[in-house]
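>>> Sharing a model that was predicted from the sequence below.
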Amino acid sequence: MAEIIGNTTIKFDRLDSTNNYATAHLAKDAWTEGTVVLAATQDNGRGQINNRWESEAGKNILMSIYLQPSFLPVSRQFLISKVIALGIVEVLAQKLENVRIKWPNDVYVGNQKIAGILIENAIMGNTLAYSVVGIGLNVNQQQFSAELPNPVSIYQLLQCETPLDVLLENLLTAIDRFYHLLRDGRFSEIDEAYLNKMYQLGIQASYVDKDGAFTATLQGVHTDGRLKLLSTDGAIRYYHFKEVEFVR
Ligand code: BTN
């Protein structure tokens, strides 16, 4: 099984954003699938919903992976998020307890966010031409800005430094393994593994949608990526990203 993820790595001390760099160079420089771009720091690290991704220089993993999932129908594009999240969880769970995937693109330890994923897809017809998968993983940062809602790093949880190169190697290997499952069409295995790692799975909790707050039990995700909630009035509700929020 040839390694795809990380077959080529490009490292920078500083970039505006690894996702921006990848998007600007992948075609121009004829990147091979699995190329990884890393930066020690970003001037304009981007998160979901136009948020900024903050990271102290040299302390964390900031990277983007170039994928060509042309075998994947657009309707199943959420599988990319699944395999990436599963790779991150597998590696973190070797060190930490209670690592979960918070739908749609976060990795949590307990109720705190340790990693975020920003996936930017290019769609051609019914398939994905390419995907730029940005990952920010908090590793050795000791303090975060007070404005961030609930960040955490491995350092804060274990009170010791983690060598970034070893962690990166493990991460690329784990993501590679899950990406091979995806390429082999083993979608139901991925779906099941993801479901088992979901934050608040089977737990009654508060959510907010456009109509206000409600209580529901998280039941999983639809194959199209929508969150599936069973509300206390007995209705099953499906939500796209940004249509619902978890209440902390
Ligand atoms: C989120 O949780 O909002 C997603 C955060 C994604 C951050 C990473 S850091 C590396 C890559 N480059 C970016 O500009 N963003 C992603």
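Okay, I see it.

>>> For the residue of the chain at minimum distance from the ligand, give me its contacts.
Across the chain, the shortest distance to the ligand (Cβ to the nearest ligand atom) belongs to Gly116, at 2.0 Å. Every residue, glycine included, has its C-beta placed from N, CA and C. Shown here is Gly116, whose contacts under the criterion Cβ atoms under 8 Å, 6 or more residues apart in numbering are Gly47, Gln48, Trp53, Asn105, Asp106, Val107, Ile135, Gly136.

>>> The spatially closest residue to it that is not a sequence neighbour in helix, strand or coil?
Take Gly116 and drop its neighbours on the chain: the residue closest to it by Cβ to Cβ, 6 or more residues apart in numbering is Gly136, 5.0 Å away. Three states are possible here, and by DSSP: H, G, I helix; E, B strand; the rest coil the one that applies to Gly136 is strand.

>>> from memory Gly136 sits against Glu56, does it?
No. Look at Gly136 against Glu56 with Cβ atoms under 8 Å: they stay out of range, at 11.7 Å.

>>> Is the residue of the chain closest to the ligand in a helix, a strand, or coil?
Note that with three-state DSSP, the state of Gly116 is strand.

>>> Based on its surroundings, how many neighbours for the closest residue to Ser231 other than its chain neighbours?
With Cβ to Cβ, 6+ apart as the measure, Ala216 is the residue that lies nearest to Ser231, at 4.3 Å, once sequence neighbours are left out. A total of 23 residues lie near Ala216 under the criterion other Cβ atoms under 10 Å.

>>> Check whether the top helix by length along the chain comes near the ligand.
With residue count as the measure and DSSP state H as the assignment, the chain has helix 164-183 as its longest helix. No. Residues of helix 164-183 are not located near the ligand by Cβ under 6 Å from any ligand atom, the shortest gap being 12.6 Å.

>>> Going by neighbour count, list what's buried in whatever helix or strand comes next after that helix.
On the C-terminal side of helix 164-183, the closest following helix or strand by DSSP states H and E is helix 187-196. Residues of helix 187-196 classed as buried: Ile190, Asp191, Ala193, Tyr194 (neighbour count, 16 or more other Cβ atoms under 10 Å).

>>> mean confidence score for stretch 15-24?
For stretch 15-24, the mean per-residue pLDDT is 98.

>>> Please name the bridge partners of Arg52.
Arg52 forms beta bridges with Arg46, as assigned by DSSP bridges.
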